[in-house]
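Undergrad: Show me the folded form of this:
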Amino acid sequence: MSKIRKQTYEGHRQRIKDKYKKSGINGWLDYEVLEIVLSYAIARKDTKPIAKELITRFKTINGVLDADSKELQSVSGISEHTTLFLKLLKDLAVLYLENELHSKDLLSSPELVFDYLKASLKGCADEEFKALFLNGSNQLIAVEALQTGTVNRSAIYPRKIVERALYHHAVGIIIAHNHPAGTLTPSKEDCAVTKSVKDALKTVEISLLDHIIIGGNDYFSFNKKGLL
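TA: Residues are numbered from 1 along each chain as shown. This next block holds a predicted model:
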């Protein structure tokens with residue numbers, strides 16, 4: 001690489017960093033945000049073309065962060081190292097949202113719960129089942145992923161959920177899973193799982209507060225629909 005070309009991309013990197021330092025990313029295009037992000041994972045290379053290709057392929061920053069690792073690495077310039085960096089950014093965002101739940105009354109803050117579950121579950125290629133364990137003030141004690149794969153009564157053992165609820169000294173539980181195809185309508189199995197879990201928790205005087213299904217950019221709440 002020529003000295004002039006090296007100075008060109010290095011100068012451009014510094015300019016976009018100075019721009020961010022001065023005014024943040026308000027008003028930036030998605031590819032511009034990705035460009036500066038990628039500059040911390042990709043050395044000695046102009047990241048603008050890579051960022052533009054990512055947006056062309058996955059449409060939005062959310063689409064990039066939700067993308068499968070193999071899909072990301074099919075884009076020229078994206079290595080395993082860079083893929084891990086992008087996945088770390090997504091996990092940090094999910095952790096940030098999860099930490100926000102600990103001091104909130106989650107029954108009074110359903111949008112916070114949805115935002116967390118959407119970030120956590122939307123990009124999963126398979127169905128993933130989570131449980132949120134709450135105290136008497138409806139504040140989060142812990143989150144556990146209990147199953148990956150098709151959600152059904154044979155996979156989601158109510159006894160296991162009861163055991164984990166007792167371990168966390170939970171008073172209430174919110175269960176949630178995603179529909180990778182984006183549909184929101186609960187299946188017969190979804191309804192059966194909800195009833196099985198509710199009945200099992202009732203035996204130890206723990207309440208099932210909601211069952212939330214994440215599909216696309218929206219959610220279905222059994223509680224909100226009066227199905228609990």
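Undergrad: CA atoms for contacts and neighbours, from now on please.
TA: Noted.
Undergrad: what bits of this protein have low per-residue confidence?
TA: Residues of the chain that meet the criterion pLDDT under 70 lie in 1-10, 149-156.
Undergrad: Strands of that one, start to end?
TA: Using DSSP state E, the strands of the chain run over 128-134, 140-148, 172-178, 207-215, 218-221.
Undergrad: Buried residues, the last one. List them.
TA: For strand 218-221, a neighbour-count test (16 or more other CA atoms under 10 Å) marks 219-221 as buried.
Undergrad: A192: which of the strands of the chain is closest?
TA: Closest of those to A192 is strand 207-215, at 11.5 Å (criterion: CA to CA).
Undergrad: Pull up the pairing partners for the closest one, direction included.
TA: Strand pairing for strand 207-215, using DSSP bridges, gives strand 172-178 (parallel), strand 218-221 (antiparallel).
Undergrad: Serialize those to TSV and add fields for distance to A165.
TA: Listed next are the strands paired with strand 207-215 as TSV, based on distance: least, CA to CA, whole Å:
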stretch	distance to A165
strand 172-178	8
strand 218-221	21
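Undergrad: Any idea which of these gets closest to L117?
TA: With CA to CA as the criterion, L117 lies closest to strand 172-178 of the strands paired with strand 207-215, at 7.7 Å.
Undergrad: surely V171 meets L208?
TA: No - with contacts counted by CA atoms under 8 Å, V171 stays clear of L208, the gap being 9.0 Å.
Undergrad: mind listing the helices for this protein?
TA: Applying DSSP state H to the chain gives helices spanning 3-23, 30-38, 48-58, 61-66, 69-73, 80-101, 110-121, 158-167, 188-202.
Undergrad: Could you dump those helices into CSV with mean neighbour count and distance to T148 added?
TA: Shown next, in CSV, are the helices of the chain (neighbours: other CA atoms under 10 Å; distance: least, CA to CA, whole Å):
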stretch, mean neighbour count, distance to T148
helix 3-23, 13, 39
helix 30-38, 19, 30
helix 48-58, 17, 24
helix 61-66, 18, 17
helix 69-73, 16, 18
helix 80-101, 16, 17
helix 110-121, 19, 11
helix 158-167, 16, 15
helix 188-202, 18, 14
